[in-house]
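Asker: Quick check, what structure comes out for this input:
(chains A, B and C)
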Amino acid sequence: MSRAGTKLDSKKVFCMKNILRYDENLYIINSELFTLTYGALVAQLLKDYENVEDVNKQLERMGYNMGIRLIEDFLARTGSGRCYDFRDTAEKIQTGFKIFLGITPTITNWSAAGDEFSLCFEANPLTEFVELPDHCLNLKYCNVLIGVLRGACEMVQMEIACWFVQDQLKNDNVTELRIKFIKRLEDAIPAGED
Amino acid sequence: MLNRVKLRRSLAGPAKVRINEINREALIIEGTPLNKLGITRSYGKAFLGLGRLYLSLDSTLAVKKQMAHSTTQSPIEKATLYVLSSEAKLMYGMLFSIKSFVSKISPLDPKEGFLYYKTSKYTLHYLETPSGLKFVLNTDNVTQNARELLQQLYREVYLEYVVKNPLCQLNEPIQSELFKLKVDELFKKSPLFLSRSI
Amino acid sequence: MRQQIIDTKINLHASGEADECLFEYLHAEMVNYALSKSCKNKEGEEELSRLEWMGFSVGYRIIERLTREWNRFKDELDMIKFICTDFWSSLYHKQIDNLRTNHHGVYVLQDNSFRLLNKVGTNSNKQYLQETPRLLSFTCGLLRGSLANLGIISTVNAEISTLPSCKFHVQVQRI
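Answerer: Now for the predicted structure:
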């Protein structure tokens, strides 16, 4: 720990800073562990599949599986109840990004019917160290997010579709994720009833 | 331990502590005279002392998951294809009916929905998470406010030892021994249990 | 850019340790993926080289970031000690509980409550013991990758006798 905060003069501040720096460091490492691990996974997928489309699909599928667990985590952590409308949902998704990835995407471009919106990301920890090589320009590097959202929403009885409109990795200014409400899923009716 | 079992007898009438193999869908601790729900061997032992409490982590999630994976069949078809054990099915059907009844007679949009019901013999406490997980706990009529306990069960046990256990699939019956252990611990340290076991 | 990221992380800390679980969920999915891609070998063991390899490449990179403010290490043991303390607590929130060595290139790192195992089982039962190697493969790779970047070529194996504790055997390859 002594490596942190050596430039500070007051002893008291030094101690405080020390603790802070240590946590900071821990958090950066934690998020870097996630970022790097995700990167290694994408690299492995690119190695395993010839077709980039298959990689996108696989990432989505893995995201879905993560989403159905993450939603329980989210619900238990926030204690939030059902959404009143889709705008409520949008805010909760935004909160989710803040909790789990530490970023706050902006909610914009609502459709007139209120069933479709965009999330815009300025910073994205997933892509922190990433640059796409020429041969995988079709790769949707962050496709795992789409799966996560689909899985999580499905668990709260909501079917959604989402897709990337813009992607910073493809030299767009922001990464824009479009989310569309499809329908509500109802509880299965018990067998033998109508 | 013996004492507690005795206590249970006097409260619940002739004790029929059935210890069957786990029924495939629901994880259930029994101890009320009303049900014939299944129970695992080790689970049963751990909970003999608990007597009046039984708990079921409902299987509807399994149904939902099945639906989620079906692309060719309609959700309902797929759901009915998935054979629930008869007890879990009965329980699900009953809760389903009560829930829709409650939401129909409520003048406002019910936030919490159905919380518990009480008969002359027992009380059924119910917690449904927005993700559709259903926690059911049967107690005697003295026990009130088991909701907090159920919420704890969700937050501190289900989330930690099922959701975060990579070897537990969410659409399968919970098999984890550690999970059972933690449920046991949670209930045994709960005031609801302590106040009764003296 | 870097400053910005640091800020978000501090906010995060205030709201609870939320992003940790993200790695765990991702890891679980990688395990599933590796299993779906692998076929069992002759001894009926799962083939986990994909996980090991992913671990290796993460380890190789992450050690770079962890050591950037450190002085050079004295010797091999010094490096292993660093792995047991700072490295381990950065990644898994606790230090290695026990380190043993024969001073000839064999190190045994024991963690009594390994982060990726402590939600899975306790010592009171033997459930899931069969499945646990798949949860350790990534970390074996992580260790091997980190050591490789520090200039130590090694093989790493994991051993579990009772959950949630496990041992990592590091065998240094002398050239």
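
Asker: okay, which residue is most central for the chain?
Answerer: No chain specified, so I'll use chain A. In chain A, the residue lying closest to the centroid (C-alpha atoms, centre = their mean) is A:L145, at 4.6 Å.

Asker: You answered for a different chain; I wanted chain C.
Answerer: C:T139 (2.9 Å).

Asker: Now do the contacts for that residue.
Answerer: C:55, C:114, C:116, C:158, C:168 (C-beta atoms under 8 Å, 6 or more residues apart in numbering or on different chains). The C-beta positions use only the backbone N, C-alpha and C, and glycine is treated the same way.

Asker: Take these and keep only those in helices.
Answerer: Using DSSP state H, the subset of these located in helices is C:G55.

Asker: from the contacts of C:T139, which would you call buried?
Answerer: In those, burial by neighbour count holds for C:55, C:114, C:116, C:158, C:168, counting by 16 or more other C-beta atoms under 10 Å in any protein chain shown.

Asker: Flag every residue of chain C that's near chain B.
Answerer: Proximity of chain C to chain B is confined to C:21, C:24, C:27-28, C:31-32, C:116, C:119-122, C:124-125, C:127-128, C:131, C:135 under the rule C-beta under 8 Å from any C-beta of the partner chain.

Asker: model confidence over whichever helix in chain B runs longest, on average?
Answerer: For chain B, the longest helix by residue count, based on DSSP H, is helix B:86-105. For helix B:86-105, the mean per-residue pLDDT is 78.

Asker: That one packs against which elements?
Answerer: Using 3 or more C-beta pairs under 8 Å, 6 or more residues apart in numbering or on different chains; DSSP states H and E, the elements in contact with helix B:86-105 are strand B:134-139.

Asker: then the strand it packs on to PDB, C-alphas only?
Answerer: C-alpha atoms of strand B:134-139 as PDB (Å, rounded to 0.1, in the frame of the first residue of the first chain):
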ATOM      1  CA  LYS B 134     -42.600 -17.300  -5.700                       C
ATOM      2  CA  PHE B 135     -41.800 -18.000  -2.100                       C
ATOM      3  CA  VAL B 136     -44.400 -19.700   0.000                       C
ATOM      4  CA  LEU B 137     -44.200 -20.300   3.700                       C
ATOM      5  CA  ASN B 138     -46.900 -22.000   5.800                       C
ATOM      6  CA  THR B 139     -46.900 -21.200   9.500                       C
END
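
Asker: Where does pLDDT dip in chain C?
Answerer: Counting by pLDDT under 70, the low-confidence segments of chain C come to C:1-19, C:39-46, C:124, C:175.

Asker: next one: chain A
Answerer: Across chain A (using pLDDT under 70), the flagged ranges come out as A:1-29, A:187-194.

Asker: quick one, strands of it?
Answerer: A:106-108, A:116-121, A:158-166, A:175-184 (DSSP state E).

Asker: who does the shortest one pair up with?
Answerer: As defined by DSSP bridges, the strand partners of strand A:106-108 come to strand A:116-121 (antiparallel).

Asker: And the contacts of the partner strand?
Answerer: By C-beta under 8 Å, 6+ apart, strand A:116-121 touches A:86, A:90, A:93-94, A:97, A:103, A:105-111, A:165, A:168, A:174-181.

Asker: Just the buried residues of these.
Answerer: The neighbour count (16+ other C-beta under 10 Å) marks A:86, A:90, A:93-94, A:97, A:103, A:105, A:107, A:168, A:174-179, A:181 as buried among those.

Asker: for the residues you listed, which one is nearest chain C?
Answerer: Nearest to chain C among the buried ones among the contacts of strand A:116-121: A:I103, at 6.6 Å, using C-beta to the nearest C-beta.

Asker: Could I get the contacting residues of the closest one?
Answerer: Going by C-beta under 8 Å, 6+ apart, A:I103 touches A:97, A:121, A:123-125, C:8.

Asker: Let's see if you can find the most crowded of those.
Answerer: Most neighbours among these, by other C-beta atoms under 10 Å in any protein chain shown: A:F121, with 23 neighbours.

Asker: Tell me how far it lies from C:S36.
Answerer: 30 Å (C-beta to C-beta, to the nearest Å).

Asker: C:D97 now?
Answerer: Remark: distance between C:D97 and C:S36 (C-beta to C-beta) = 34 Å.

Asker: Give me the more crowded residue out of those two.
Answerer: Between C:D97 and C:S36, counting by other C-beta under 10 Å, C:D97 is the more crowded of the two (14 against 9).

Asker: what's the burial count for the nearest residue in space to the more buried one that is not next to it in sequence?
Answerer: With sequence-adjacent residues excluded and distances taken as C-beta to C-beta, 6 or more residues apart in numbering or on different chains, C:D97 is closest to C:N112, at 4.5 Å. Neighbour count of C:N112, defined by other C-beta under 10 Å: 15.

Asker: Backbone dihedrals for C:N112, please?
Answerer: Torsion angles at C:N112 (phi, psi; degrees, to the nearest 10) stand at phi -80, psi -20.

Asker: who are the neighbours in contact with it?
Answerer: C:97-98, C:164-165 are the contacts of C:N112 under C-beta under 8 Å, 6+ apart.

Asker: where along chain A do the helices fall?
Answerer: A:11-48, A:52-78, A:86-101, A:143-155.

Asker: quick one, which of those helices is packed in tightest?
Answerer: helix A:143-155 (a mean of 24; mean count of other C-beta atoms under 10 Å in any protein chain shown).

Asker: And the contacts of that helix?
Answerer: By C-beta under 8 Å, 6+ apart, helix A:143-155 touches A:38, A:56, A:59-68, A:70-72, A:74, A:89, A:93, A:96, A:126, A:140, A:159-164, A:177, A:179, A:185, B:64, B:68, B:131-132.

Asker: Can you list the low-confidence ranges for chain B?
Answerer: B:1-88, B:109-111, B:196-198.

Asker: Considering only chain C, name the residue that lies closest to chain B.
Answerer: C:A28 (3.4 Å).

Asker: neighbours around that residue, how many?
Answerer: For C:A28, using other C-beta under 10 Å, the count is 21.

Asker: Let me know the secondary structure of the residue lying closest to it once chain neighbours are set aside.
Answerer: Nearest residue to C:A28, sequence neighbours excluded (C-beta to C-beta, 6+ apart): B:P166, at 3.4 Å. Secondary structure, DSSP: H, G, I helix; E, B strand; the rest coil: B:P166 is coil.

Asker: isn't B:P166 right up against C:E24?
Answerer: Yes: look at B:P166 against C:E24 with C-beta atoms under 8 Å: they come within range, at 7.5 Å.
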